[in-house]
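Asks: 3D model of this:
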Amino acid sequence: MAADARSAPALSVDDARAHYDALGAGQDRELRYAMPAFRRLLGSLDLSSTPVVVELGSGTGALAEMALADHLNDRATWLGLDISPVMCDVARRRLTRFGGRADVRTCDGDARLPLPDHAADLVVATYVLDLLSPAAIDRFLAEASRVLRPGGQLAIAGLAPPTFSLAGVNMALWTVAHRLMPRRVGGCRPVRVDRRLSGDVWRIAHRSTVRAAGIQSVVLIARQMT
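Replies: Sure thing, here's the model as predicted:
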């Protein structure tokens, strides 16, 4: 799928790593708008038989903590991947109480998932595809399809494009800020991931908009076709 030059990321992988290393646990300030999207995402998933989860862009481990504590069964495992070593350290401390069920690793930012084929039941990416190029988003979606077992689930949350609402106006301003001062918004911008999901591979099971703290997010859940 052709990349839209206007949606190209403004930060390189190295710049993004440096930004989030510097931010560290301060990333949790974004939970004021991310937490409602996390709740919507987890509440819309079928987690009753989800033993293996992999998350790209695990950040401080907030979503993993919610899922492991309240939604997944006691045998489920969660692998978190992040480009920031500092974020990984924060997440490891946060998830210590889950022992071997939670594993957090650094990754190199190419959107690849270090798992064999058909090894996972759920692939998650929240507020990370907003950072990636269109080509990297497509690579991530291909990787998700590869590592998921037939019928597995893909769960995404991220910044939503502008709409006719107060939060939507804020997202229009966010988009302008990304073009002019990308580091002020962590290199993130709204993207339309749903348009990149092939109907031959994915069936969208849930799509909704969440507005919180003046920010508009989209929650998207797709199931891999069998």
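Asks: Averaged over its residues, which helix or strand of this protein has the lowest pLDDT?
Replies: Lowest mean confidence among the helices and strands of the chain (mean pLDDT, DSSP states H and E): helix 166-180, at a mean of 58.
Asks: Please give the number of neighbouring residues around residue 93.
Replies: Residue 93 has 13 neighbours, counted by other C-beta atoms under 10 Å. The C-beta positions use only the backbone N, C-alpha and C, and glycine is treated the same way.
Asks: ugh, wrong one, residue 94
Replies: Per other C-beta under 10 Å, the neighbour tally for residue 94 reads 20.
Asks: Was I right to think it contacts residue 60?
Replies: Yes. Applying C-beta atoms under 8 Å as the test, residue 94 and residue 60 come out as touching, 6.3 Å apart.
Asks: State the helix or strand in which residue 80 lies.
Replies: Assigned by DSSP states H and E, residue 80 falls within strand 77-82.
Asks: Do a quick rundown of the helices in the protein.
Replies: Taking DSSP state H as the test, the helices found in the chain are 13-23, 31-44, 62-70, 85-94, 134-147, 166-180.
Asks: hey, C-alpha coordinates of the first one in PDB?
Replies: Translated: helix 13-23. The C-alpha atoms that make up helix 13-23 are tabulated as PDB, following Å, rounded to 0.1, in the frame of the first residue of the first chain:
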ATOM      1  CA  VAL A  13      14.000   5.200  15.600                       C
ATOM      2  CA  ASP A  14      17.100   6.600  17.400                       C
ATOM      3  CA  ASP A  15      15.300   9.900  18.000                       C
ATOM      4  CA  ALA A  16      12.200   8.100  19.300                       C
ATOM      5  CA  ARG A  17      14.300   5.900  21.600                       C
ATOM      6  CA  ALA A  18      16.100   8.900  23.000                       C
ATOM      7  CA  HIS A  19      12.800  10.700  23.600                       C
ATOM      8  CA  TYR A  20      11.200   7.800  25.500                       C
ATOM      9  CA  ASP A  21      14.300   7.000  27.400                       C
ATOM     10  CA  ALA A  22      14.300  10.600  28.700                       C
ATOM     11  CA  LEU A  23      10.600  10.400  29.400                       C
END
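Asks: Alright, I will stop here.
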